[in-house]
Structure formats: structure tokens, C-alpha cells
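>>> quick one, what's the 3D model for this:
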Amino acid sequence: MELLNIFIKSIFIDNMIFAFFLGMCSYLAVSKTVKTAVGLGMAVIFVLTMTVPLNYLIENYFLKPGALAWMGEEYKSIDLSFLSFIVFIAVVAAFVQLVEMSVEKFLPALYGALGIFLPLIAVNCSILGGALFMQERQYPSIAHVTSFALGSGIGWFIAIVLLAAIREKIRYSHVPAPLRGLGITFILTGLMGIAFMSFMGIKF
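Here you go, the predicted model:
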């Protein structure tokens, strides 16, 4: 039940886009069509689900104060927590590179459509934010961390696909000239954020 609670909360209540505004650059730029939004959303799910648990293991077995005690008593006093940022970023960058090479090889059309925003997942704030939230919240096990990471990825996926679907539809609507493009997109994002706030009443 606790794992489900974390999973649902990560999708709807602590949504990376609507609750913390993380990953907005890619969210706004790649949400012009559903196809590209789905592709980037799936990539974000994969990178979050793989990197956050891996960073959790690195944090608990290498970086935290006393984490190296498993190597022997003489290592018990070592504190490598100051390396957290650079290690988390290195892990994210490695997995993003893997995703980029895979998409380029197997889905060249999607790779061309995503353009520069696929490698920019490496600097997507929601990816690093996932690792930092994991560190801050002190989840008790890797199962809890994986549930959080998967839920956060799906939440980001839902947000970008919903916006892309709406933006495709409003192409055929009469939008006042000053609001066309990013103007109406910001308004839509705000309204969607307000809608997602209704999930804050969910109790388990």
C-alpha cells in the first residue's frame, strides 16, 4: 500500500511539471505534436526509472557518511557526500547517452523530430530533481525509490502528452494573435496545473 501511495502521489500530487515546474524547457518545446511528446515522455520515464534507483544505491553504499563501512572498519569514517551532485549528473548523462544512441539507431524519424531536446534530457531538471528528492526524502528501500521514480516519469509523460494533444487541437481554433504560440501554452499549463491540484485531496 505504501508503494502504491508513493506511485500515485508522484504522478498526480507531486507531479514534476505542475507541482515543482521541473523540466519546463523540454515540456514547452517538444509538446507541439503528440508523436514527439510521447517519444520524449517515454525517454524521460526510462531515464528516471533507471537513474534514480541507481543513484540511490550509489548514495547508500558509497557516498553517505559511513556508507563505506561494508569495505572495512577503517573506511567507516569516510564521507563522500560532497560528490553527490557530480555523481548524480554523471549517471544521468550516461543513461541519456544510451537513450540517444538507441533512438538514433532504431527510431531515426523520432530522433530527427526530437532534435536537440533528446540529449538535453541530461540537463532536464526533472531528472536531477528525481535524484535530489530521493536523497532528501530518505526512502527506506530501493522498491520505494523505484516506485517514486516510475511515478514521477509517468507524471511527466502524462503532462507533456496532454499538453501536446491540446496544442494540436487548438491549431484549428481562433486564438487571439498576441496569445499564439507560447502565450496560450503558458495559459494551458496554468489551467492544467490548477486541475491537477484537485488530486491533493487523495488520501490512502
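>>> pLDDT weak spots in the protein?
Residues of the chain meeting the criterion pLDDT under 70: 122-123, 202-204.
>>> all strands in it, in order from the N-terminus.
Assigned strands in the chain: none (criterion: DSSP state E).
>>> mind listing what Leu63 touches?
Taking Cβ atoms under 8 Å, 6 or more residues apart in numbering, we find Leu63 in contact with 80-81, 83-84, 87. All C-beta atoms are positioned from the backbone trio N, CA, C, and that covers glycine.
>>> check Ser31 too.
Taking Cβ under 8 Å, 6+ apart, one finds 37, 160, 163-164, 167, 185 in contact with Ser31.
>>> on that earlier part again, now, the most widely separated pair of the contacts of Leu63?
Set against one another by Cβ to Cβ, those have their most distant pair in Ser81 and Val87, with a gap of 10.0 Å.
>>> pick out whichever of the two has more residues nearby.
Taking other Cβ atoms under 10 Å, Ser81 and Val87 do not tie; Val87 has more neighbours (17 against 14).
>>> against Gly39, how distant is the closest residue to Met24 other than its chain neighbours?
Nearest residue to Met24 in three dimensions, chain neighbours excluded: Ile17, at 7.1 Å (Cβ to Cβ, 6 or more residues apart in numbering). Taking Cβ to Cβ, to the nearest Å as the measure, Ile17 falls 17 Å from Gly39.
>>> what's the answer for Leu162, then?
Taking Cβ to Cβ, one finds Leu162 at 15 Å from Gly39.
>>> go on, Ala69?
From Ala69 to Gly39 the distance is 43 Å (Cβ to Cβ).
>>> do the same with Tyr139
Relative to Gly39, Tyr139 is positioned 29 Å away (Cβ to Cβ).
>>> returning to that earlier point: what's the closest of the contacts of Ser31 to Val44?
Set against Val44, the nearest of the contacts of Ser31 by Cβ to Cβ is Ile160 (8.1 Å).
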